[in-house]
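In: next comes the sequence, and after it the predicted model I'd like to discuss.
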Amino acid sequence: MLLKIVFALVAIVVVFVIIVATRPPDYRVTRSIIVAAPPAAAFAQVNDFHNWNTWSPWAKIDPSMAQTYEGAPSGTGAIYAWTGNNKVGQGRMTITDSRTNELVRINLEFIKPFPSTAITEFTFKPENNQTSITWTMTGKHTFTSKAMDLLVGMDKMIGPAFEQGLNQLKSISEATSKK
């Protein structure tokens, strides 16, 4: 009987490993919002890491996290690093491409709790007297992140934070453009 239980457990683990291993190697999380402000208002908030504490959902999770800024003050070459509690971990972001009022592309490096890298992009598209802002993160899965994606889903883990951040960005951008 014990042998049957061990065999069943081994079979379950093997099936789980096979399912995880055959999951897609890439992930993509995207959220968008319409802002009643010109692209410049939102672009200025995203293109300067010093402004992120006012709208980033992760800054709200750990307001006492250690933060450092290096490189350019904003735009291409700007670097932001953080070390926080177990909910925000440790990482570093570098703006690798900045096109005024159009795009901010960021290389995102997570150090803790799990090392990984991702590309994050913010696009700003004028639509009549408004701006469509899209926040996208893409990356490669590790075996562990494939398993987490299977059980929870990257979109469900990250998407709500993107929505929260975009809503904060919307409020700030609209208030700034009215001044």
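Out: Nice, I can see it.
In: tell me how far Pro160 lies from Ile18.
Out: 30 Å (C-beta to C-beta, to the nearest Å). Where you see a C-beta, it was placed from the backbone N, CA and C, and this is true even at glycine.
In: more neighbours, those two?
Out: Pro160 (12 against 9; other C-beta atoms under 10 Å).
In: how distant is the host helix or strand of that one from the center of its chain?
Out: Assigned by DSSP states H and E, Pro160 falls within helix 154-178. Centre-to-centre, helix 154-178 and its host chain are 12 Å apart (C-alpha atoms, centre = their mean, to the nearest Å).
In: same check on stretch 86-106?
Out: Worked out by C-alpha atoms, centre = their mean, stretch 86-106 lies 9 Å from the chain centre.
In: same deal with stretch 31-45?
Out: Between the centre of stretch 31-45 and the centre of its host chain there is 17 Å, according to C-alpha atoms, centre = their mean.
In: what does stretch 107-125 give?
Out: Distance of stretch 107-125 from its chain centroid, counting by C-alpha atoms, centre = their mean, is 6 Å.
In: could you do stretch 127-142 as well?
Out: 10 Å.
In: what's in contact with that stretch?
Out: Residues from elsewhere that reach stretch 127-142 (C-beta atoms under 8 Å, 6 or more residues apart in numbering): 23-39, 41-42, 108, 114, 116-126, 149, 158, 162, 165-166, 169-170, 173.
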